[in-house]
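Novice: next comes the sequence, and after it the predicted model I'd like to discuss.
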Amino acid sequence: MSTAPLAAFTEPDRPKDLLIRFITVGGSYVDVTGPGEHSDKNRWSCHGCGDSSQLIQGDFLFCIRPDANTHATTCRAIPLK
Ligand SMILES: [Zn+2]
């Protein structure tokens, strides 16, 4: 079984503070943005469904990374814009 996205969409512009971008199973993207590895101001957000980090203030990259990757693994929303 293929794990490739169902459809390919144009990658959105990369924000200046982009740390990691995961492609989702729906063909959208989850962006991890923030100051860097050891900052607690990093956040993730999904271009497909609009979901994002649950912590308002953000978190360290080692906490955000697995959450963002897990979301990308399960999110089937396609980008609408
Ligand atoms: Zn999503």
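Specialist: Alright, I've got the coordinates. If you're wondering where the values come from, they're calculated on a predicted model, not measured in any experiment.
Novice: got the residues of the protein near the ion?
Specialist: By Cβ under 5 Å from the ion, the residues of the chain that approach the ion are Cys46, Gly48, Cys49, Asp51, Cys75, Ala77. Yep, even glycine has a C-beta here, placed from its N, CA and C like the rest.
Novice: hmm, 6 Å instead?
Specialist: Within reach of the ion by Cβ under 6 Å from the ion, the chain has these residues: Cys46, Gly48, Cys49, Asp51, His71, Cys75, Ala77.
Novice: in contact with the residue positioned nearest the centre of the chain, which residues?
Specialist: A centroid search over the chain (Cα atoms, centre = their mean) returns Val30, at 1.7 Å, as the residue closest to the centre. By Cβ atoms under 8 Å, 6 or more residues apart in numbering, Val30 lies in contact with Arg21, Phe22, Thr24, Trp44, Ser45, Cys46, His47, Ala68, Asn69, His71, Ala72, Cys75.
Novice: quick one, strands of the chain?
Specialist: Ranges of strands in the chain, per DSSP state E, are 18-23, 29-33, 43-46.
Novice: JSON lines for these, including distance to Leu55 and mean pLDDT?
Specialist: Converted to JSON lines, the strands of the chain look like this (distance: least, Cβ to Cβ, whole Å; pLDDT from 0 to 100):
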{"stretch": "strand 18-23", "distance to Leu55": "16", "mean pLDDT": "97"}
{"stretch": "strand 29-33", "distance to Leu55": "13", "mean pLDDT": "97"}
{"stretch": "strand 43-46", "distance to Leu55": "8", "mean pLDDT": "96"}
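Novice: could you list the low-pLDDT ranges of the protein?
Specialist: Where the chain drops to pLDDT under 70, the residues are 1-8.
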